[in-house]
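S.K.: Here is my input; please provide its structure:
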Amino acid sequence: MATEQNIGPILEKFQRTEITEHHIYTRLARVIKSPENAKILQQIADDELRHYHGWKKYSGRDVKPDWFKMWFYYLISRIFGFTFGIKLMERGEEAAQKNYAQISSTIPEAETFMHEEDVHEEQLIGMLDEERLRYAGSVVLGLNDALVELTGALAGLTLALQNGKLIALSGLITGIAASMSMAASEYLSTRSEKTDKHPVRAAIYTGIAYIFTVSLLVLPYLVSPETYLLDLVIALTTGVIIIAVFNYYISVAKDESFRERFVEMAVLSLSVAAFSFGIGYLIRLWLGIEI
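M.R.: Model prediction:
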């Protein structure tokens, strides 16, 4: 239970958090194009300011925002999307729940503030509609197919050709052709599904995700073509990193399990690569090709 002696620092910490988030939400509301999203974010900002003044009533002090935190989450939200930035920020506040419970017996409003933080803001955040999340499925399609297909192709080509430049050439041709094919398939699939996604945008998201992944996977062979086995290791490592980064993004933005998605995609991609590596070796022996 909090006492009169130690409650002051806790209240000031709450105030700093509330006023910092007030500035974050206010700034985001000003730059977001969607009027509906701007209205939701401004409503959350107003709630944070109200909470700040509620704590100030008991602390009797003005507290300045954490400007570093404010700019950090603001920039994260602008670069990676406001839904990701906001949910990442909210994830970092789980420790505050213990402090709310600690002072609830001393300050009656603490329980109300805690309820609003847990329920009201989550409901508002759930109402946010962001284009990049609506097309997350298209991005997943492009990333997943590129990772599975290209890691497998590069592994097979590495053992079959044993020449970095030829492997890179073959990988780029395969990847670019496959990206166009996947984009076209996503266009036709989205058009036939009659969803709220625009078929052309879905195709673009899929194609860009595919090309981006292909470029990163082939890059080691272009930089150092003579060390093709090391290039394969770097390409596979890059693939795992891409899987980890993207799945962390989705796990935060869409409240999904990171571990399950990451393990599933990583095991699938590496398994296909290992299988293709063996196939490439066997075909090379069977055809008797030496390059």
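S.K.: what about the strands in the stretch 101-250 of the chain?
M.R.: Assigned by DSSP state E, counting those that start in this stretch, the stretch 101-250 of the chain shows no strands.
S.K.: So what's the predicted local confidence for the spatially most central residue of the chain?
M.R.: The chain has Tyr249 as the residue nearest its centroid, 1.5 Å off, counting by CA atoms, centre = their mean. Looking at Tyr249, its pLDDT reads 81.
S.K.: Once you drop chain neighbours, what's closest to it?
M.R.: Across the structure, with CB to CB, 6 or more residues apart in numbering as the measure, the residue nearest Tyr249 apart from its sequence neighbours is Phe84 (6.1 Å). C-betas here are computed from N, CA, C, even on glycine.
S.K.: Please report the distance of that neighbour from His115.
M.R.: Per CB to CB, to the nearest Å, Phe84 is found 25 Å from His115.
S.K.: of those two, who's got more company?
M.R.: Neighbours were counted for Phe84 and for His115 using other CB atoms under 10 Å; Phe84 has more, 21 against 11.
S.K.: Which residues are in contact with the residue nearest to Ile242 when sequence neighbours are not counted?
M.R.: Nearest-residue entry for Ile242: Thr213, 6.2 Å, with adjacent residues in sequence omitted and distances by CB to CB, 6+ apart. Residues in contact with Thr213 (CB atoms under 8 Å, 6 or more residues apart in numbering) are Gly142, Leu143, Ala146, Leu147, Leu150, Gly239, Ile242.
S.K.: How much space separates Arg50 from Thr26?
M.R.: As it turns out, when the distance is counted by CB to CB, Arg50 lies 13 Å from Thr26.
S.K.: per-domain residue ranges of the protein.
M.R.: If the domains of the chain are taken from automatic domain parsing, they occupy 7-129, 132-287, with pieces of a single domain joined by a plus sign.
S.K.: right, so those domains: which one is the most enclosed?
M.R.: Across these, the average number of neighbours (mean count of other CB atoms under 10 Å) peaks for domain 132-287, which reaches a mean of 18.
S.K.: can you give me the offset of it from its chain's centre?
M.R.: A distance of 17 Å separates the centroid of the chain from that of domain 132-287, by CA atoms, centre = their mean, to the nearest Å.
S.K.: Quick check: chain neighbours aside, which residue is closest to Glu256?
M.R.: The shortest distance from Glu256 to any non-neighbouring residue, by CB to CB, 6+ apart, is to Ile250 (6.0 Å).
S.K.: if I pick the one you found, what's in contact with it?
M.R.: Ala136, Val140, Glu256, Arg261.
S.K.: Next, the contact list for Asp145, please.
M.R.: Ala178, Met182, Tyr210.
S.K.: and the second one, what is it in contact with?
M.R.: Contacts of Met182 were listed using CB under 8 Å, 6+ apart, and they are Leu141, Gly142, Asp145, Ala146, Thr206, Gly207, Tyr210.
S.K.: which residues does Ile79 contact?
M.R.: Contacts for Ile79 (CB under 8 Å, 6+ apart) come out as none.
S.K.: okay, Ile291: pLDDT?
M.R.: The model reports Ile291 with a pLDDT of 50.
S.K.: sorry, that was for Thr26
M.R.: Thr26 is assigned a pLDDT of 92 by the prediction.
S.K.: Can you tell me the closest non-neighbouring residue to it?
M.R.: Once flanking residues are discounted, Thr26 sits nearest to Ala45: 4.4 Å by CB to CB, 6+ apart.
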